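**Student:** Only the shape, not the letters, is given here:
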């Protein structure tokens, strides 16, 4: 299932078995993807901006594939009684309110938790088209890895 496109670098490209494929084989694919959607939706403003939102899209794609294949980790998550999932709404609301996430960011999280990958993806596309995302600038520009030139001695 590993993606041919890696968002944010090439650090997994040379691996014969992609970490996502290994995680899925272990039976943790669905919860891993949901957790990563939550993480990247929550941090995009403060870390990698639109690149983090691209990662959200990639994890939603993984989730969609798991759902289509009726992966056991997806089935287990959806087998929870709906009242248990609805009880989680209180936690989601508390998380969203405490961290001051937007309505669209909340929608992405809720839809991912409830297994509605298409609706999560629609909310993600709406978020990506907001002025906040389109005009995003890093809070702290990344430092360059080039060391400063040595100072010349004056004689």
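**Tutor:** That came through fine. Quantities reported herein were computed from a predicted structural model and do not represent experimental measurements.
**Student:** got the contact list for residue 136?
**Tutor:** When contacts are counted by Cβ atoms under 8 Å, 6 or more residues apart in numbering, residue 136 touches 45, 49, 50. In short, each C-beta sits where N, CA and C put it, glycine included.
**Student:** does it sit in a helix, a strand or a coil?
**Tutor:** Of the three states, residue 136 takes coil under DSSP: H, G, I helix; E, B strand; the rest coil.
**Student:** Can you give me the distance of it to residue 48?
**Tutor:** Note on residue 136: its distance to residue 48, by Cβ to Cβ, to the nearest Å, is 10 Å.
**Student:** Can you list the residue ranges for strands in the chain?
**Tutor:** Counting by DSSP state E, the chain yields no residue ranges for strands.
**Student:** which helix in it runs the most residues?
**Tutor:** Under DSSP state H, the helix in the chain containing the largest number of residues is helix 50-68.
**Student:** can you list the residues that contact it?
**Tutor:** Contacts for helix 50-68 (Cβ under 8 Å, 6+ apart): 1, 3, 5, 7-8, 20, 24, 29-30, 33-34, 36-37, 40-41, 43-44, 73-74, 108, 112, 115, 117-118, 120-121, 124, 127-128, 133, 136.
**Student:** Could you give me the buried positions within that helix?
**Tutor:** 52-63, 65-67 (16 or more other Cβ atoms under 10 Å).
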